[in-house]
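# generate coordinates for the sequence data below:
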Amino acid sequence: MGKFLDKVYDARDGGETKALYDEWAASYDAEVTENGYVTPDRCARALKAQGADLKAPILDFGCGTGLSGLALRLAGFERIDGVDLSREMLAEAEAKSVYRNLSLITAGDNPVEKSGTYNAIAAIGVIGAGAAPISVFDTLMKALGPGGKLVFSFNDHALADKANEGRLAEWMDCGAARLLHREYGPHLTKADLNANVYVVEKA
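Now for the predicted structure:
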């Protein structure tokens with residue numbers, strides 16, 4: 001797959017994850033593009049199709065180099081804020097000029113001071129093996145106000161851990177959230193890796 005994609009899905013702690021993404025920042029776009037990374041576009045189109053307000057602020061959580069923000073902008077979203085734990089990744093994102101604000105966070109931070117600040121949150125390619133734990137899903141759902149939408153993806157590695165979809169089911173089973181969209185499809189087309197894209201609405 002590539003220098004970094006070959007090892008990104010290995011388990012590691014937050015500090016090791018940050019170090020990997022810091023080192024990867026300069027070549028990230030080229031490597032994932034070469035491997036046919038289509039999940040940002042799939043997520044942005046799914047969120048738009050589910051009626052998210054294109055003019056309302058949206059948070060791109062784990063924005064990385066900004067490929068997700070670029071996809072959101074191309075889908076018509078106008079006010080995009082991004083957060084990430086890698087300063088080097090954020091520098092690449094800033095160069096794309098699609099974000100209203102960009103902020104550095106540390107693992108475990110709550111990225112939203114007040115619940116309901118954002119009508120929609122994106123966590124594209126963020127949760128799963130070698131990245132953020134499933135607890136991030138709870139954090140992001142709690143950051144939304146009633147009717148807020150979360151778009152996110154679980155690639156094949158994340159889907160192999162039943163705890164990930166299990167947490168989503170917990171939110172839906174108790175009526176705290178409603179599943180608007182779930183579609184299995186390509187993630188890294190050249191690496192034969194797929195992903196589910198979801199849009200969830202908070203009750």
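# where in the chain is pLDDT low?
In the predicted model of the chain, residues 1-18, 21, 24 satisfy pLDDT under 70.
# if we use 80, what do you get?
1-28, 107-108, 113, 129-131 (pLDDT under 80).
# just the strands from it, written as ranges.
58-61, 80-84, 101-104, 120-123, 149-155, 177-188, 193-202 (DSSP state E).
# the second one: how far from the chain's middle?
So the one you mean is strand 80-84. 10 Å (Cα atoms, centre = their mean, to the nearest Å).
# ok, it: who's next to it in the sheet?
Note on strand 80-84: by DSSP bridges, its sheet partners are strand 58-61 (parallel), strand 101-104 (parallel).
# hang on, the earlier thing: between the strands of the chain, which one is nearest to Ser27?
strand 177-188 (15.3 Å; Cβ to Cβ). Quick note: C-beta positions are derived from backbone N, CA and C, even for glycine.
# helices or strands up against the closest one?
Here strand 177-188 touches helix 39-49, strand 149-155, helix 162-173, strand 193-202, going by 3 or more Cβ pairs under 8 Å, 6 or more residues apart in numbering; DSSP states H and E.
# would you mind giving the ones you listed as a markdown table with mean neighbour count and distance to Glu94 added?
Formatted as a markdown table, those follow (neighbours: other Cβ atoms under 10 Å; distance: least, Cβ to Cβ, whole Å):
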| stretch | mean neighbour count | distance to Glu94 |
| --- | --- | --- |
| helix 39-49 | 21 | 17 |
| strand 149-155 | 25 | 22 |
| helix 162-173 | 14 | 30 |
| strand 193-202 | 22 | 26 |
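# as a markdown table, the ones you listed with distance to Asp29 would be great.
A markdown table is the format used below for the helices and strands packed on strand 177-188 (distance: least, Cβ to Cβ, whole Å):
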| stretch | distance to Asp29 |
| --- | --- |
| helix 39-49 | 11 |
| strand 149-155 | 18 |
| helix 162-173 | 26 |
| strand 193-202 | 17 |
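# not counting residues beside it along the chain, what's closest to Ala160?
Ala129 (7.8 Å; Cβ to Cβ, 6 or more residues apart in numbering).
# swap in Phe152?
That would be Ala123: by Cβ to Cβ, 6+ apart, it lies 4.1 Å from Phe152.
# got the contact list for that neighbour?
61-62, 132, 136-137, 140, 150-153 (Cβ atoms under 8 Å, 6 or more residues apart in numbering).
# what do you get for Gly148?
Contacts of Gly148 (Cβ under 8 Å, 6+ apart): 116, 118-121, 201-202.
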